[in-house]
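> Need a 3D model of the sequence below.
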Amino acid sequence: MWMVIKMKAMELQLVRTYHSMGTNGSIFNGEQFICSTIELPWKENKSRVSCIPEGRYELVKRYSLRFKWHLWVKETPNRFFILIHPFNDALKESKGCIAAVTKHTGPGKGILSRLAFEKLKTWVFPVLERNEKVFITIKSV
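From the prediction side, this is the model:
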């Protein structure tokens, strides 16, 4: 007899608003607001100048010397190593990644990114450490 084990998964949502100078968003777990986000503007998914397309992506924990522990947004179409890590100005500091921020200060700009990213990690990392999956669905308002 075969036993089917269904893995638990966390399902986050990133709800975006697009602007010509950057993309602002908010991450939710169900109805619970976690943090705001900033990204590059939408430029047809062009590498290093555009945010990634809307869709559902798996998040995994990743370490690098530059960003320390952060999140990797897996299997983004035609893009590589899209990460979620701290920064406060998408046009100056991002090559397509997503930053958690405490508050938006303009299109693609925010403040206290490290603080917001620590909050996001407190939600996501324990789930990943239990070998459960975490997904994020990106959509617009």
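> Contact partners for Ile98?
When contacts are counted by C-beta atoms under 8 Å, 6 or more residues apart in numbering, Ile98 touches 14, 25, 37-39, 51, 73, 82-84. Just so you know, the C-beta spots here come from the backbone N, C-alpha and C atoms, and that holds for glycine as well.
> Of those residues, which is the most crowded?
Ile38 (30 neighbours; other C-beta atoms under 10 Å).
> rewinding a little: closest to Val141 out of the contacts of Ile98?
Distance to Val141 across the contacts of Ile98 (C-beta to C-beta) is lowest for Gly25, with 9.1 Å.
> got a pLDDT number for the closest one?
We have a pLDDT of 98 for Gly25.
> wait, it sits on Leu14?
Yes. A contact is recorded between Gly25 and Leu14 when judged using C-beta atoms under 8 Å, the distance being 5.0 Å.
> which neighbours do those two share?
37, 98, 138.
> Following element in sequence after whichever helix in the chain runs longest, please.
Using DSSP state H to define each element, the chain has its longest helix at helix 113-129. Later in the chain than helix 113-129, the nearest helix or strand by DSSP states H and E is strand 133-140.
> Can you give me the pLDDT of Cys51?
At Cys51, pLDDT is 98.
> picking up where we left off before, taking the contacts of Ile98 one by one, which sit in helices?
Those of these lying in helices (DSSP H): none at all.
> residue contacts, the closest residue to Pro77 other than its chain neighbours?
Spatially, and ignoring its direct neighbours in sequence, Pro77 is nearest to Pro53 (5.9 Å; C-beta to C-beta, 6 or more residues apart in numbering). Going by C-beta under 8 Å, 6+ apart, Pro53 touches 45, 76-77, 138.
> Next, Pro53: secondary structure please.
coil (DSSP: H, G, I helix; E, B strand; the rest coil).
> Would you report the backbone torsion angles of it?
Taking degrees, to the nearest 10, you get phi -70, psi 160 for the backbone angles of Pro53.
> With Ser113 as the reference, measure out to it.
Per C-beta to C-beta, to the nearest Å, Pro53 is found 23 Å from Ser113.
> How about Ile138?
18 Å.
> The closest residue to Trp123 other than its chain neighbours sits in which helix or strand?
Using C-beta to C-beta, 6+ apart and skipping residues adjacent in sequence, the residue nearest Trp123 is Ile34, 5.6 Å away. Taking DSSP H and E as the criterion, Ile34 maps to strand 32-39.
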